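Asks: Following is a predicted model, sequence given first.
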Amino acid sequence: MNSDSVTTEQETKALHLLRLREVSFSYLDGVETLQNIHLDLAPGEFHCLIGRSGCGKTSLLKLAAGLLLPKNGEVVWNNKPLDAPQSEMGFVFQSPTLLEWLDVLDNVLLPVALHRKITTPDLDKAKDLLQSVGLGNKLHNKPTELSGGQQSRVAIARALITGPRILFMDEPFASLDAITREELQRDLMTICAQHKTSILFVTHDIGEAVYLGDQVSVMVEGKIHHTLKIDLPQPRHNAIRHSPEFNHYSASLRHAMGGAA
Amino acid sequence: MKSKSYVWTCCIGVVFLLSWEILVRYLGTSALVMPAPTQIADVLLKSLHNGYLWPHIWQTLVEVFWGILLGGLMGCIGGIALGESSRLRNLLMPYVVLSQVVPKLALAPLFIVWFGFGVLPTIVMTALICFFPLLENTVTSMQQVDPQKLELFRMLRANRWQTLWRLKIPSGLPSIMAGLRVAVVLAWVGAVVGEFIGSSKGLGALIIAAQGSMDTPLMFAVLVVITVLGISSYWTVQTIEQRFFKS
């Protein structure tokens, strides 16, 4: 009985890489941006946060990453309270935020270069990552010589170089054209499945959330309105975007976001 | 298109010089008042050839070099310190602005009292003039770093020094270099005016000497030298910027 309960507790802990409990947050103006947030993220899970502009998605993402600290409640990372970003986390911002004075390879290696000397395995890993996002021939280009889609790919490769257990993504494809976005969504799913990376992904695009997410949380005015489990088969192909199930999930999310279904 | 506009720029210069030459000859103006360009060129070439100008050019170059180096370094370091610490900025910025509002050229006689005649007061004056553009541009560039890039560095657990060396300074370099370009041009003003007042050697001192002996063509010749050196130093900074700092 006793050993059973210990096992169950360990299993529960293993189930949750990141937990947010009763989290609320307000900026200096005092208005509560987030209220009573509960969120769990299991290893390898792709969790999308969706909502209208200004609903607090990005604030929630930054809280989960340790870039902001909650006013109330707690953020638990790996069973410990989180008070700052951790080495096992990666973050992809809305804009690629590449350093223009470094070439593509050095941009990808930046997270490593900040903490230790670059080794040959690091270089090989960076080259492999760039190869896997289709930029194997752009290693020594400057970011200004790349298209928007290519810059986003470099930003993803940079976030993955340290082999993070979790990736936070803040509308990383929002400014890209539809076809490039679809390509990047597919690449992201493949890479993260390979590395078993958990992802917390903020978007305002319903289709993107349904296509990418294992779970989608709808945010309305600083609260998680409800969370929907997306039971679509893996791996997901583009054709799935036209299936009745996909449309059903999309309509359900649209309804939850407050629009007319 | 670019080469075409370059030709036109040259044409304007040639037309200006020709008109000047013709007008002076036609009106028979005394060289004491307005020498013709050919007279100026003649004096310039002769004084370069017989070595009369070189010690003066060297003296002014040395003063400009040390003035830019000291003033620029202090401006940069001060700018980084003030840019990094808002407390220091609030505390010291009013005094920095105050020190710049005081006309520095009017301080020259005081510098002579403090530092004597010669190179030192001129270097101090040049350094003071170069200090402000670099300080101002460095402070501004430190504060204008993309907030998302700062967040990226926080996410990557970079410490304050790493954020400064790997993000703030590189991203501020274009603005810092723009400050240096302004400083380099102003440095010549500082050096020449410093020499007007407190030196017997250097291009500024030579202008005063030429004025004393009513040698107007020599005054013009020295002005040409200062202009050429000023433009060359500006181009040098621009070339360094394009060669090393442009991404």
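Replies: Structure received. Numbers count the residues shown, from 1 in each chain, chains lettered A, B, ... in the order given.
Asks: Name the SS class of residue B:47, please.
Replies: Reducing the assignment to helix, strand or coil with DSSP: H, G, I helix; E, B strand; the rest coil, the entry for residue B:47 is helix.
Asks: from what I can see it touches residue B:57, true?
Replies: No - here residue B:47 does not reach residue B:57: they are 10.2 Å apart, not a contact under Cβ atoms under 8 Å. No exception for glycine: its C-beta is placed from N, CA and C like everyone else's.
Asks: where does chain A come near chain B, residue by residue?
Replies: By Cβ under 8 Å from any Cβ of the partner chain, the part of chain A that sits against chain B consists of A:62, A:65, A:67, A:84-87, A:89-91, A:93-95, A:97, A:99-101, A:110-111, A:114-115, A:142-144.
Asks: any low-confidence regions in the stretch 51-200 of chain A?
Replies: Across the stretch 51-200 of chain A, no stretch falls below the confidence threshold (pLDDT under 70).
Asks: can you map out the helices along it?
Replies: Counting by DSSP state H, counting those that start in this stretch, residue ranges of the helices within the stretch 51-200 of chain A are A:57-65, A:104-113, A:120-132, A:148-160, A:178-195.
Asks: which helices and strands does the fourth one pack with?
Replies: Spelled out, it's helix A:148-160. On a contact count with 3 or more Cβ pairs under 8 Å, 6 or more residues apart in numbering or on different chains; DSSP states H and E, helix A:148-160 meets strand A:89-92, helix A:104-113, helix A:120-132, helix A:178-195.
Asks: Over to the second one?
Replies: Using 3+ Cβ pairs under 8 Å, 6+ apart as the contact criterion, the elements in contact with helix A:104-113 are helix A:120-132, helix A:148-160.
Asks: And for the shortest one?
Replies: Packing partners of helix A:57-65 (3+ Cβ pairs under 8 Å, 6+ apart): strand A:18-26, strand A:32-41, strand A:46-51, strand A:166-170, strand A:198-203.
Asks: Not counting its own residues, what contacts it?
Replies: By Cβ atoms under 8 Å, 6 or more residues apart in numbering or on different chains, the residues outside helix A:57-65 that reach it are A:18, A:20, A:23, A:25, A:27, A:33-34, A:37, A:39, A:41, A:49-51, A:68-70, A:75, A:85, A:89, A:91, A:168-171, A:200, A:202, A:204, A:219, B:151, B:155.
Asks: Domains in chain B, by residue range?
Replies: By the assignment in automatic domain parsing, chain B contains the domains B:1-30, B:36-245.
Asks: how far is the longest one from where the chain is centred?
Replies: Between the mean C-alpha location of domain B:36-245 and the chain-wide mean there is a distance of 4 Å, by Cα atoms, centre = their mean, to the nearest Å.
Asks: For residue A:95, which non-adjacent residue is closest in space?
Replies: residue B:148 (6.1 Å; Cβ to Cβ, 6 or more residues apart in numbering or on different chains).
Asks: Identify the residues contacting that neighbour.
Replies: For residue B:148, the residues meeting the contact criterion (Cβ under 8 Å, 6+ apart) are A:93-95, A:97.
Asks: dump the residue contacts of the residue of the stretch 151-261 of chain A found nearest chain B.
Replies: The nearest approach of the stretch 151-261 of chain A to chain B comes at residue A:168, 8.3 Å away (Cβ to the nearest Cβ). With contacts defined as Cβ under 8 Å, 6+ apart, residue A:168 is in contact with A:61, A:64-65, A:89-92, A:199-200.
Asks: Could you identify the buried members of the residues you listed?
Replies: For the contacts of residue A:168, burial is judged from neighbour counts taken by 16 or more other Cβ atoms under 10 Å in any protein chain shown, and it is met by A:61, A:64-65, A:89-92, A:199-200.
Asks: which of these lies closest to chain B?
Replies: Once Cβ to the nearest Cβ is applied, the member of the buried ones among the contacts of residue A:168 that ends up nearest chain B is residue A:91, at 4.4 Å.
Asks: correct me, but the closest one touches residue A:159?
Replies: Yes - between residue A:91 and residue A:159 there is a contact at 6.3 Å, judged by Cβ under 8 Å.
Asks: Find residues that contact each of the two.
Replies: Taking Cβ under 8 Å, 6+ apart as the contact rule, the neighbours common to residue A:91 and residue A:159 are residue A:167.
Asks: Mind putting the helices of the stretch 51-200 of chain A into JSON lines with distance to residue A:138?
Replies: Below are the helices of the stretch 51-200 of chain A laid out as JSON lines (distance: least, Cβ to Cβ, whole Å):
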{"stretch": "helix A:57-65", "distance to residue A:138": "28"}
{"stretch": "helix A:104-113", "distance to residue A:138": "5"}
{"stretch": "helix A:120-132", "distance to residue A:138": "7"}
{"stretch": "helix A:148-160", "distance to residue A:138": "7"}
{"stretch": "helix A:178-195", "distance to residue A:138": "15"}
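Asks: Please name every helix or strand in contact with the worst-scoring helix or strand of chain B on mean pLDDT.
Replies: Between all helices and strands in chain B, the lowest mean by mean pLDDT, DSSP states H and E belongs to helix B:108-115, at a mean of 85. For helix B:108-115, the contact count by 3+ Cβ pairs under 8 Å, 6+ apart identifies helix B:119-143, helix B:169-198 as packing neighbours.
Asks: now the shortest one and helix B:108-115, what's the angle there?
Replies: Going back to what we said before, that points to helix B:119-143. Computed by axes from the mean of the first three to the mean of the last three Cα atoms, to 10 degrees, the angle separating helix B:119-143 from helix B:108-115 equals 110 degrees.
Asks: The longest one now?
Replies: Here helix B:169-198 runs at 90 degrees with respect to helix B:108-115, directions being taken by the same axes, to 10 degrees.
Asks: For helix B:169-198, give the mean pLDDT please.
Replies: This predicted structure assigns helix B:169-198 an average pLDDT of 90.
Asks: ok, and does it reach over to chain A?
Replies: Yes - Helix B:169-198 comes into contact with chain A when judged by Cβ under 8 Å from any Cβ, the residues involved being B:170-171, B:173.
Asks: Buried ones in the very next helix or strand once past that helix, by neighbour count?
Replies: Under the assignment DSSP states H and E, the closest C-terminal helix or strand after helix B:169-198 is helix B:203-212. Within helix B:203-212, the residues that qualify as buried are B:203-207, B:209-210, counting by 16+ other Cβ under 10 Å.
Asks: now the helices and strands packed on helix A:148-160 in JSON lines, with distance to residue B:40?
Replies: Shown next, in JSON lines, are the helices and strands packed on helix A:148-160 (distance: least, Cβ to Cβ, whole Å):
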{"stretch": "strand A:89-92", "distance to residue B:40": "64"}
{"stretch": "helix A:104-113", "distance to residue B:40": "53"}
{"stretch": "helix A:120-132", "distance to residue B:40": "61"}
{"stretch": "helix A:178-195", "distance to residue B:40": "63"}
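Asks: and residue B:43, which of those is closest to it?
Replies: Evaluated with Cβ to Cβ, those place helix A:104-113 nearest to residue B:43, the distance being 54.6 Å.
Asks: Ranking the domains of chain B by mean neighbour count, which comes first?
Replies: Neighbour counts averaged per stretch over the domains of chain B are highest for domain B:36-245, at a mean of 18; criterion: mean count of other Cβ atoms under 10 Å in any protein chain shown.
Asks: What count of nearby residues applies to the residue nearest to residue A:258 when sequence neighbours are not counted?
Replies: Computed as Cβ to Cβ, 6+ apart, the closest residue to residue A:258 that is not its neighbour in sequence is residue A:220, at 6.4 Å. By other Cβ atoms under 10 Å in any protein chain shown, 15 other residues sit near residue A:220.
Asks: contacting residues for residue A:220?
Replies: Residues near residue A:220 by Cβ under 8 Å, 6+ apart: A:51-52, A:55, A:256-258.
Asks: can you rerun that using 7 Å?
Replies: Residue A:220 is in contact with A:51, A:55, A:258, counting by Cβ atoms under 7 Å, 6 or more residues apart in numbering or on different chains.
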